[in-house]
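Student: Coordinates only, no sequence provided:
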């Protein structure tokens, strides 16, 4: 247990450092906004290309990994929707439900990539990237639909469809898979340049996760913050483990898939919550609490599945 904890501790230390840096007056809001843009449009797509374009999928059971990731998202989505009538009776507002839904179904792939890199190197990162490729499009579509249906504001659906279609992460993942499957060669100096940018992506991504946290929300979490925290950090990994074993996935791939399901929610849903009339404050509170709690739950999940 100690070995696993010490393996993931550097990841959370970088996240914590990002939270500290955000509160240092040396850096402006424009600085952090620029880093987010750089990561989203340049560095993270470069990371996906270098991870997926030359990955050896033959030993990774790529099809089964993709199906398990999709089915796990479908199962958690169905459960979250089924909870709405119950949560409505407790007085939960429609915008607040969208944030409960988003923070239950989304996962922070960049935290997962950073930990997978430490545990299993490029092969582990390839598993996480396959999970991203399989789920990034349906997850974005599902979450946008829930926001449209449950939020109390007006939404331009065509704008959101365009945002999904032009998502640089989606484009990079799909292009990389095509390059890999068709065996299209990448000019070595070009690949080396992409790799240099990819190396910057994980560290910067973790700093940005920390910068987005609201520490005060973690000190006194509300009950509606704890529900998606339990669903995301406990139920999601259990569902993924059950489906993966049912599909015959074992060894490193199984461990990394459970890792992917055990990480906290991605921060990008916060932007959607603000744009589409969701409860952005609740979203940031859940992300903060999940990130803090996952320091404990993630090593336990890896230990139980045999990661250490």
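Tutor: Everything's here; your move. Nothing here was measured: the structure is a model prediction, and the numbers come from that model.
Student: longest helix of this structure?
Tutor: helix 109-150 (DSSP state H).
Student: pLDDT (mean, whole number) over that helix?
Tutor: Averaging pLDDT along helix 109-150 yields 85.
Student: In this protein, which residue is most central in space?
Tutor: Most central in the chain under C-alpha atoms, centre = their mean is residue 108, positioned 2.0 Å from the mean C-alpha point.
Student: Excluding covalently adjacent residues, which one is nearest to that residue?
Tutor: residue 266 (4.4 Å; C-beta to C-beta, 6 or more residues apart in numbering). C-betas here are computed from N, CA, C, even on glycine.
Student: Verify the contact between the one you found and residue 109 for me.
Tutor: Yes - using C-beta atoms under 8 Å, residue 266 is in contact with residue 109, at 6.9 Å.
Student: quick one, which of these two is more surrounded?
Tutor: Between residue 266 and residue 109, counting by other C-beta atoms under 10 Å, residue 109 is the more crowded of the two (24 against 21).
Student: quick one: contacts for the more buried one?
Tutor: If you count contacts by C-beta atoms under 8 Å, 6 or more residues apart in numbering, residue 109 has them with 128, 131-132, 136, 260, 263, 266.
Student: Also residue 41?
Tutor: residue 168.
Student: Likewise for the one 3 residues further on?
Tutor: By C-beta under 8 Å, 6+ apart, the contact set of residue 44 is 110, 168-169, 172, 201, 205.
Student: again, only this time at 7 Å
Tutor: Going by C-beta atoms under 7 Å, 6 or more residues apart in numbering, residue 44 touches 110, 169, 201, 205.
Student: Could you find the lowest-pLDDT member of the residues you listed?
Tutor: residue 169 (77).
Student: Next, the buried residues of the host helix or strand of that one.
Tutor: Under the criterion of DSSP states H and E, residue 169 resides in helix 168-182. Under the neighbour-count criterion of 16 or more other C-beta atoms under 10 Å, helix 168-182 has 169-170, 172-173, 175-177, 179-180 buried.
Student: Relative to residue 42, how far out is the residue nearest to residue 108?
Tutor: Taking C-beta to C-beta, to the nearest Å as the measure, residue 266 falls 18 Å from residue 42.
Student: what does residue 267 give?
Tutor: Per C-beta to C-beta, residue 267 is found 18 Å from residue 42.
Student: One more: residue 125?
Tutor: With C-beta to C-beta as the criterion, residue 125 and residue 42 are 18 Å apart.
Student: can you map out the helices along the stretch 151-300 of the chain?
Tutor: Remark: helices assigned in the stretch 151-300 of the chain by DSSP state H, counting those that start in this stretch are 157-165, 168-182, 188-211, 215-219, 223-230, 236-246, 251-262, 268-275, 280-305.
Student: shouldn't residue 176 be in contact with residue 47?
Tutor: No - taking C-beta atoms under 7 Å as the definition, residue 176 is not a contact partner of residue 47, at 10.1 Å.
Student: ok so, going back, where do the contact lists of residue 266 and residue 109 overlap?
Tutor: Contacts common to residue 266 and residue 109, judged by C-beta under 7 Å, 6+ apart, are absent.
Student: quick one: least confident helix or strand in the protein?
Tutor: helix 157-165 (a mean of 69; mean pLDDT, DSSP states H and E).
Student: Give me the below-cutoff pLDDT ranges for the stretch 201-308 of the chain.
Tutor: For the stretch 201-308 of the chain, the stretches flagged by pLDDT under 70 are 217-219, 275, 307-308.
Student: what's the span of stretch 88-100 from first residue to last?
Tutor: Using C-alpha to C-alpha, to the nearest Å, the end-to-end distance of stretch 88-100 comes out at 12 Å.
Student: quick one: buried residues of that stretch?
Tutor: Across stretch 88-100, burial judged by 16+ other C-beta under 10 Å covers 92-100.
Student: If I look at residue 98, what pLDDT would I see?
Tutor: So residue 98 comes in at 94 (pLDDT).
Student: so it sits right up against residue 278, yeah?
Tutor: Yes - counting by C-beta under 7 Å, residue 278 is a contact partner of residue 98 at 4.1 Å.
Student: Not counting its own residues, what contacts stretch 212-225?
Tutor: 19, 92, 96, 100, 267, 270, 282, 284-289, 291-292.
Student: again, only using 8 Å
Tutor: Outside stretch 212-225, the residues touching it (C-beta under 8 Å, 6+ apart) are 15, 18-19, 22, 92, 96, 100, 229, 267, 270, 282, 284-289, 291-292.
Student: Same check on stretch 128-144?
Tutor: Against stretch 128-144 from outside (C-beta under 8 Å, 6+ apart): 48, 51-52, 55, 57, 60, 62, 65-67, 69-70, 73, 77, 101-102, 105-106, 109, 112-113, 116, 160, 164, 167, 169-170, 173-174, 176-177, 256-257, 259-260, 269, 272, 276.
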